[in-house]
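Visitor: Generate a structure from the sequence data that follows.
(2 chains)
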Amino acid sequence: MNDMSRLSEAGALPATPPATSPATPPETAAERRARARRERYYSAGQWRLVWWRFRRHRGALLAALLLGAMVLAGLFADVVAPCAPTERDRAYLAGPPQFPVFCDAKGCSLRPFVHGSRTERDPVTLRLRAVPDPEKRDPVIFFVPGPTVRLLGAIPLSVRLFGLESGAPLHLWGTDPLGRDVFSRTLHATRTSLSIGVLGVLISFTLALAIGGIAGYAGGLVDAAIQRVTEVVRVIPVIPLYMGLAAAMPKEWSSTQVYFAMTLILGLFGWPTLARRIRSQLLSIRGEDYVLAARLAGARPARIIAGHMLPSFTSFIIVDLVISFPYMILSETALSFVGLGLRPPAVSWGVMLQQAQSVQVIEQAPWLFIPAGFVVLAVLAFTLLGDGLRDAADPYGQNG
Amino acid sequence: MLRFLAGRAVGMAVTLVLVSVMVFAIMELPPGDYADRYAFRKYSGTGVTITEADVAAIRHTLGLDRPAPLRYLDWVGGIVLHGDFGKAYAFETSVNAIIGQKVWLTLGLLFVTLVLTYAVSIPIGIYAAVRRGTATDYGLTVLSYLGLALPNFLLALVLLYFANRWFGASVGGLFGQAYEKAPWSAAKLWDLVKHLWLPALVLAWSAMAYQIQTVRATMSDELGKLSVIAARARGLPEMRLLLKYPARLALNPVVSTIGFDVNRIFSELPIVAAVLGLTELGDLLLKSFLDLDMNVAGAILLLLTVVIVGMNFVSDLLLAWLDPRIRLGG
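Guide: Numbering: from 1, shown residues only, chains lettered A, B, ... in the order given. Model (predicted):
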């Protein structure tokens, strides 16, 4: 009831209960609407209530949209990105970003364009580098032809979302010292980094369910033993542990093998927090009557856990899953950053940031840091989303 | 109280045994072993052709052809009985000689980082809770969100960039160039202190963010308690009241997560060390993993974990001392 009174304060519900004495005058349109709203609230299912509460959490909603956009960008990277992730543009090494503009010193155009570039020798470092050439204008257009790619691994397409009219590669966020397009690589990296997060979380979730489930359901000695092992995994510093496992990967493995090994490593040691949560929840409802009833009816432990006990705290598990994403992403980024994670030609945020390890890079080619922005945004978004979901899933939460 | 301590100590011992098994397993994990790498290092480029038999002979002399459980006992026995961590392959000396004083450097860095973490997060957390709902509070919350989202190594790079701009190029590392190889002296110690603030700040960053949120949450809960209202009714000055009742209880979750913070700091140490050019255990750990010098890596991993387990014990002790409910109930 407490929850409901909070809701009415927050304006989701009218304050007074419906008066149903026959003497009342026929209800007005406003009253009818209010009554309909109330009835909708009382008859709404659990997930609908969660959604309604979640909807009011602006930050979380924004975070969900941002993550959605990232997922889309990653899924359709092949077509959205103007270049292939490993394609080198030898005429534009470590070139600055090319922002499409409408106007320049020579006047305005109705079509957005970028300036062409020429190669120049840097007077200080004597390296070749690309500089914009204000004499040449190259308009940006949508749907330019490109080499055929398989969208989502299936649909063959030979078109890119946008590009330059002249057919030259467009470097929206500049290029790295090898002449590879930062924008295209970032999109492909988004796909890799997010998918590692998803696979890692799935693996650790499965393990957490099994381990936490057994510990919480069995209790007693089994629980004590499992708790001890959990403690050991929790006490070893995570990144050094991952480093040890990653270092053991044979050097001759292909980047695909390394990719799957990395998801396995991240997943294999990410379970303790969630397993503890599942265990303590199971322990607290182990003695409930409906569990006893299920046991008396002859249901087997796996069925009792999965079918009867887990549904009572599904929402909490989902929150924990969302919250564990940032750890996966940050771990992968950190490992790849120091060269123990993914290996080229695979491209992830961490692999890209490997090129930006020194202060000199920040000074000379700050655009190589753009993937860092993606890491920060993704982690922030997952954290905000987790907070929003937690508030929404908790029926006694302060935000009603 | 004694039973509580004894129980904790036994639990700690069991954990340590399991940890050592796990670390040993990690050391065994990479393909090839010490004998392979030793042979490669000693004879590559010398023109001598070595055969499988030669490697096997080396393996036999080093006792590496015995079953894994025996080698594990050897390894643990050496550490426990003689404090000997075995041989390092890359430097052709003992692990102890390489790790040596870096242990103290690392512990010093850890200590400074922890002090910084708590000195910043506890007052700020309390302040944010007292001023709940104000602009300051929201600002601090946003900042601590950023603290969680910005990876330490990126923060390190950004800080390094600004430090280079404002203070010149001498900021990275733990020592200035003049003192890097110099013997210990007061001047060197002062030099270390001057260099320590940057890595300590970077390492404390995310632990601070967490603890600010924890302190703020507990403090907010405690501020509504009857004890606070009663104390206010008695006319206790606000400052004393805050420190005496809610702040004391808000310390509990902080104290109980000391081990967790140490874990977090050590976890980030190798990466931050790589960026900042620190010369302590984290950096050595990363290098030895890259070189597959597993004896050194295993020793460091074990040492770090022992420190974490030790800090967990300290945190239990502190908690029992702070909170009579735990002391008497345990």
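Visitor: and B:Gly259, how many residues sit next to it?
Guide: The local packing count at B:Gly259 equals 20, with neighbours defined by other C-beta atoms under 10 Å in any protein chain shown. Where you see a C-beta, it was placed from the backbone N, CA and C, and this is true even at glycine.
Visitor: cool, and B:Ser256?
Guide: Other residues near B:Ser256 come to 18 when the count uses other C-beta under 10 Å.
Visitor: Hmm, B:Ser315 and it touching each other?
Guide: Yes. With the criterion set as C-beta atoms under 8 Å, B:Ser256 and B:Ser315 qualify as a contacting pair; they are 5.9 Å apart.
Visitor: what pLDDT, on average, does stretch B:64-76 get?
Guide: Across stretch B:64-76, the average pLDDT comes to 82.
Visitor: Send me it as CSV with only the CA atoms.
Guide: C-alpha atoms of stretch B:64-76 as CSV (Å, rounded to 0.1, in the frame of the first residue of the first chain):
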residue,chain,number,x,y,z
LEU,B,64,60.5,-30.3,-14.1
ASP,B,65,59.7,-33.8,-15.4
ARG,B,66,58.1,-34.8,-12.1
PRO,B,67,54.3,-34.9,-11.8
ALA,B,68,52.5,-31.6,-11.2
PRO,B,69,51.4,-32.2,-7.6
LEU,B,70,55.1,-32.8,-6.6
ARG,B,71,56.2,-29.7,-8.3
TYR,B,72,53.4,-27.8,-6.7
LEU,B,73,54.5,-29.0,-3.2
ASP,B,74,58.1,-28.0,-4.1
TRP,B,75,57.0,-24.5,-5.1
VAL,B,76,54.8,-23.9,-2.1
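Visitor: List the buried residues in that stretch.
Guide: With burial defined by 16 or more other C-beta atoms under 10 Å in any protein chain shown, the residues of stretch B:64-76 counted as buried are B:64, B:71-72, B:75-76.
Visitor: among those residues, which are within reach of chain A?
Guide: Of the residues in these, proximity to chain A by C-beta under 8 Å from any C-beta of the partner chain holds for none.
Visitor: Now intersect the residues you listed with the helices, please.
Guide: Here DSSP state H is the test, and those give B:71-72, B:75-76 as lying in helices.
Visitor: any chance of the residues you listed in a markdown table, plus distance to B:Phe266?
Guide: Supplementary listing: these in a markdown table, determined by distance: C-beta to C-beta, whole Å:
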| residue | distance to B:Phe266 |
| --- | --- |
| B:Arg71 | 26 |
| B:Tyr72 | 23 |
| B:Trp75 | 21 |
| B:Val76 | 21 |
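Visitor: which one of those residues is nearest A:Val229?
Guide: Closest approach between those and A:Val229, by C-beta to C-beta: B:Tyr72, at 17.8 Å.
Visitor: my guess is that closest one meets B:Val21, correct?
Guide: Yes. The pair B:Tyr72 / B:Val21 is scored as a contact, 7.1 Å apart, by C-beta under 8 Å.
Visitor: could you pull out the strands for chain A?
Guide: All strands of chain A, identified by DSSP state E, fall at A:101-104, A:107-121, A:128-151, A:155-164.
Visitor: Of the ones you listed, which is nearest chain B?
Guide: For chain B, the closest of the strands of chain A is strand A:128-151, at 20.4 Å, according to C-beta to the nearest C-beta.
Visitor: measure B:Gly7 to A:Leu283 for me?
Guide: 20 Å (C-beta to C-beta, to the nearest Å).
Visitor: So these two - more neighbours on which side?
Guide: The residue with more neighbours, out of B:Gly7 and A:Leu283, is A:Leu283; 15 against 12, by other C-beta under 10 Å.
Visitor: Which residue, other than its chain neighbours, is closest to that one?
Guide: Take A:Leu283 and drop its neighbours on the chain: the residue closest to it by C-beta to C-beta, 6 or more residues apart in numbering or on different chains is A:Gly216, 5.0 Å away.
Visitor: Could you list the contact residues of the stretch 151-300 of chain B toward chain A?
Guide: B:151, B:153-154, B:157-158, B:160-161, B:164, B:259, B:263, B:266-271, B:274-275, B:285-286, B:289-290, B:292, B:297, B:300.
Visitor: Go through the residues you listed and flag which are in helices.
Guide: Among those, the ones falling in helices (DSSP H) are B:153-154, B:157-158, B:160-161, B:164, B:259, B:263, B:266-271, B:274-275, B:285-286, B:289-290, B:297, B:300.
Visitor: Could you export the strands of chain A as a markdown table, including mean neighbour count, mean pLDDT and distance to chain B?
Guide: Written out in a markdown table, the entries for these read as follows (neighbours: other C-beta atoms under 10 Å in any protein chain shown; pLDDT from 0 to 100; distance: least, C-beta to the nearest C-beta, whole Å):
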| stretch | mean neighbour count | mean pLDDT | distance to chain B |
| --- | --- | --- | --- |
| strand A:101-104 | 12 | 77 | 28 |
| strand A:107-121 | 14 | 75 | 25 |
| strand A:128-151 | 14 | 74 | 20 |
| strand A:155-164 | 15 | 76 | 29 |
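Visitor: And those strands: which comes nearest A:Gly212?
Guide: Distances from A:Gly212 to each of the strands of chain A were compared by C-beta to C-beta, and the smallest falls on strand A:128-151, at 39.1 Å.
Visitor: between the closest one and strand A:155-164, how many degrees?
Guide: Going by axes from the mean of the first three to the mean of the last three C-alpha atoms, to 10 degrees, strand A:128-151 is angled at 150 degrees with respect to strand A:155-164.
Visitor: Give me the distance between the two termini of stretch A:96-111.
Guide: For stretch A:96-111, the first-to-last residue distance is 21 Å (C-alpha to C-alpha, to the nearest Å).
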